[in-house]
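Novice: What follows is a predicted protein model with its sequence.
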Amino acid sequence: MLLLGLLLLTLLAGAHLLWHKWQLRSLHLPPLVPGFLHLLQPNLPLYLLGLTQKLGPVYRLRLGLRDVVVLNSKRTIEEAMIRKWVDFAGRPQTPSYQLVSQHDQDLSLGDYSLLWKAHKKLTRSALLLGLRSSTEPLVEQLTQEFCERMRAQAGAPVAIQKEFSFLTCAIICHLTFGDKVKEDTLVHAFHDCVQDLMKTWEHWSIQILDIVPFLRFLPNPGLWRLKQALENRDHMVEKQLRQHKESMVAGQWRDMMDYMLQRVGKPRVEEDHGQLLEGHVHMSVVDLFIGGTETTATTLSWAVAFLLHHPEIQRRLQEELDRELGPGASGSRIPYRDPARLPLLTATIAEVLRLRPVVPLALPHRTTRPSSILGYDIPEGTIVIPNLQGAHLDETVWERPHEFRPDRFLVPGASPRVLAFGCGARVCLGEPLARLELFVVLAQLLRAFTLRPPAGALPSLQPRTHCGVNLTVQPFQVQLQPRGAAAQALGQHP
């Protein structure tokens, strides 16, 4: 019976494919790459970039039963995501997206609509509210506490990725839940939840469901584990929602959850987009943790890895910090709002984001109506993948693109914009917070410590193969040698 069902599904899929091809027969489509096992390539963004030598910056791939259009240049990505943003603002509603996004109320995975726009505005307002008030001092305070913990381990090899991951999760916890984060227990719980959810979601047994959807009807232990992780996620968020509603004071907000809760459930007469509900706040919190923990921690880890390979850049950064802020690990505030005071630090962050955009293929887009790119027809409902890393390594745009050269950003107007956070309607809402964290954490870390490879063992600069959505660094350790007064107190040389 099962075999008969699979055969029937295969025949239906084949008939659908033939009908789809017949419908597109009169269109001028991008060239199609032969084959269908492209996802098995160990470094997919670079593989996709390599295909442009024969096919140009826009082409089609077959992933499972669907054609996917890939954009591999800054020009094509900006044409789609900025100049024609409405056409390309959709999200494909795949089986895993629908499962994770809780009835399409998710912001990152939700499809484009007027209600989605209102949800985006709500979340952005909550983030900007924090950035205007308490976020910057909070990030500095938690980073200073992080450096104190690292100083207690001075001289010993440290798995820095795990430490960064916990720090970024703590920042999101404090911004979202406010004073309720009085101990590390809540931070550890949400950190473990995020780790478990990402691990199960990125497993091949889940990803294959988006390529061959009918496999979801077969037994799948990975799917069961993902449902368990989602149940745990929702239970933890609902508990925080309940506690906030019980103690909330109308017209006042202590954190982002308070702010969002007081702005949902109110009908908007002027806009016929539906009503924002508590479930939208729930999924905004989920997005803040999923999008704001591992992504920033991974970028920080890549920055440390590159600086270990380039001690001369690290030395220049420390000289810049000492010159502008004075020697020592504390005292002067980090001038995040005046980045011109620390141009090399700003340039180094830009170069890390260029070489290792943490989500190198972004999240897939979907066309909301028929459109075009570079003269090619792009039908409605087409899945579009912007190859951000490929655009950053385009030899026609960047000089010696594979080299780590922060100085390329020190010449005004010499380097184009980095697209690490995407662009257009689907740009990462957490970009201001992520940039603040990168700036403050790297500044405080380099003021306090000199980064050294334990026993001269440099980390690999090649990402993990088949690493899923994020471009993750291979595990490595770093030795943190205190500088200045802290080094003298420990009887060490700076």
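Specialist: That came in fine, so what should we check first? Numbers count the residues shown, from 1 in each chain.

Novice: so Pro335 makes contact with Thr346?
Specialist: No. When contacts are counted by C-beta atoms under 8 Å, Pro335 is not listed as touching Thr346 (10.6 Å). All C-beta atoms are positioned from the backbone trio N, CA, C, and that covers glycine.

Novice: Arg242: how many residues sit nearby?
Specialist: 10 (other C-beta atoms under 10 Å).

Novice: residues touching the closest residue to Asp255 other than its chain neighbours, list them.
Specialist: Leaving aside its sequence neighbours, Asp255 sits nearest to Gly178 (C-beta to C-beta, 6 or more residues apart in numbering; 3.2 Å). The contact partners of Gly178, taken as C-beta atoms under 8 Å, 6 or more residues apart in numbering, are 254-255, 257-258.

Novice: Distance check, Gly178 against Val139.
Specialist: 15 Å (C-beta to C-beta, to the nearest Å).

Novice: same deal with Val212?
Specialist: Noted for Val212: a distance of 43 Å to Val139, by C-beta to C-beta.

Novice: More neighbours: these two, which one.
Specialist: A count of neighbours by other C-beta under 10 Å puts Val139 above the other of Val212 and Val139, at 25 against 14.

Novice: Please enumerate residues in contact with the helix or strand where the more buried one lies?
Specialist: Using DSSP states H and E, Val139 maps to helix 135-151. Residues from elsewhere that reach helix 135-151 (C-beta under 8 Å, 6+ apart): 158, 163, 167, 170-171, 174-175, 329-330, 333-334, 336-337, 433, 436-437, 440-441, 444-445, 448-449, 480, 482, 486.

Novice: which non-adjacent residue is nearest the most centrally placed residue in the chain?
Specialist: Centroid-nearest residue in the chain: Thr295, 4.5 Å away (criterion: C-alpha atoms, centre = their mean). Spatially, and ignoring its direct neighbours in sequence, Thr295 is nearest to Val358 (4.6 Å; C-beta to C-beta, 6+ apart).

Novice: was I right about that neighbour contacting Ala297?
Specialist: No. Using C-beta under 8 Å as the test, Val358 is too far from Ala297 to be in contact (9.1 Å).

Novice: For the stretch 301-450 of the chain, which segments count as strands?
Specialist: 365-366, 371-373, 376-378, 383-386, 449-452 (DSSP state E, counting those that start in this stretch).

Novice: Buried deepest among those, which one?
Specialist: Most buried of the strands of the stretch 301-450 of the chain, by mean neighbour count (mean count of other C-beta atoms under 10 Å): strand 383-386, with a mean of 24.

Novice: Relative to His280, how far out is Gln240?
Specialist: 15 Å.

Novice: and if you look at Arg356?
Specialist: Applying C-beta to C-beta, the value for Arg356 to His280 is 32 Å.

Novice: Give me the residue ranges of the stretch 301-450 of the chain where confidence is low.
Specialist: For the stretch 301-450 of the chain, applying pLDDT under 70 flags the ranges 328-332.

Novice: er, the stretch 1-150 of the chain I mean
Specialist: 1-25, 103-104, 130-133.

Novice: Doesn't Val68 belong to a strand?
Specialist: Yes. Assessed by DSSP: H, G, I helix; E, B strand; the rest coil, Val68 belongs to a strand.

Novice: which residues pair with it across the strands?
Specialist: Leu61, Ile383 (DSSP bridges).

Novice: For it, give its distance to Gly110.
Specialist: To Gly110, Val68 is 20 Å away according to C-beta to C-beta.

Novice: again with Glu278
Specialist: Applying C-beta to C-beta, the value for Glu278 to Gly110 is 16 Å.

Novice: same deal with Ala189?
Specialist: Where Gly110 is concerned, Ala189 sits at a distance of 26 Å (C-beta to C-beta).

Novice: Neighbour count for the two, which is higher?
Specialist: Higher neighbour count among Ala189 and Gly110: Gly110, with 23 against 15, using other C-beta under 10 Å.

Novice: these two touch, right, that one and Gly90?
Specialist: No. In this structure Gly110 lies outside contact range of Gly90 using C-beta under 8 Å: 9.7 Å.

Novice: Check the burial of Val427 by counting its neighbours.
Specialist: If you count neighbours by other C-beta under 10 Å, Val427 ends up with 15.

Novice: try Pro30
Specialist: Neighbours of Pro30 (other C-beta under 10 Å): 23.

Novice: check contacts around it.
Specialist: 55, 58-60, 69, 373, 376, 378.

Novice: Am I right that it sits in a strand?
Specialist: No. Looking at Pro30 with three-state DSSP, it is coil, so not inside a strand.

Novice: Please report how far the nearest residue to Arg316 once chain neighbours are set aside lies from Gln318.
Specialist: For Arg316, ignoring the flanking residues on the chain, the nearest one in space by C-beta to C-beta, 6+ apart is Leu344 at 5.8 Å. Between Leu344 and Gln318 the distance is 10 Å, computed by C-beta to C-beta.

Novice: repeat for Gly50
Specialist: Counting by C-beta to C-beta - Gly50 and Gln318 are separated by 38 Å.

Novice: between these two, which one's more packed in?
Specialist: A count of neighbours by other C-beta under 10 Å puts Gln318 above the other of Gly50 and Gln318, at 19 against 14.

Novice: count of residues packed around Leu436?
Specialist: There are 22 residues near Leu436, going by other C-beta under 10 Å.

Novice: If you could redo that for Gly375, that was the one I meant.
Specialist: Gly375: 8 neighbours (other C-beta under 10 Å).

Novice: shouldn't it be in contact with Leu29?
Specialist: No. Using C-beta under 8 Å as the test, Gly375 is too far from Leu29 to be in contact (10.9 Å).

Novice: tell me the contacts of Ile313?
Specialist: 306-307, 344, 348, 404, 406.

Novice: got TSV for those residues, with neighbour count too?
Specialist: Listed next are these as TSV, based on neighbours: other C-beta atoms under 10 Å:
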residue	neighbour count
Phe306	21
Leu307	23
Leu344	17
Thr348	27
Phe404	19
Pro406	22
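
Novice: now, among those residues, which is nearest to Ala420?
Specialist: Distance ranking of the contacts of Ile313 against Ala420, using C-beta to C-beta, places Thr348 first at 13.6 Å.

Novice: Nearest residue to the closest one in space, please, no chain neighbours.
Specialist: Leaving out its chain neighbours, Thr348 is closest to Pro406 (C-beta to C-beta, 6+ apart), at 4.3 Å.

Novice: Surely the one you found touches Ala350?
Specialist: Yes. Using C-beta under 8 Å, Pro406 is in contact with Ala350, at 7.3 Å.

Novice: Please give the number of neighbouring residues around Leu342.
Specialist: Neighbours of Leu342 under the rule other C-beta under 10 Å: 23.
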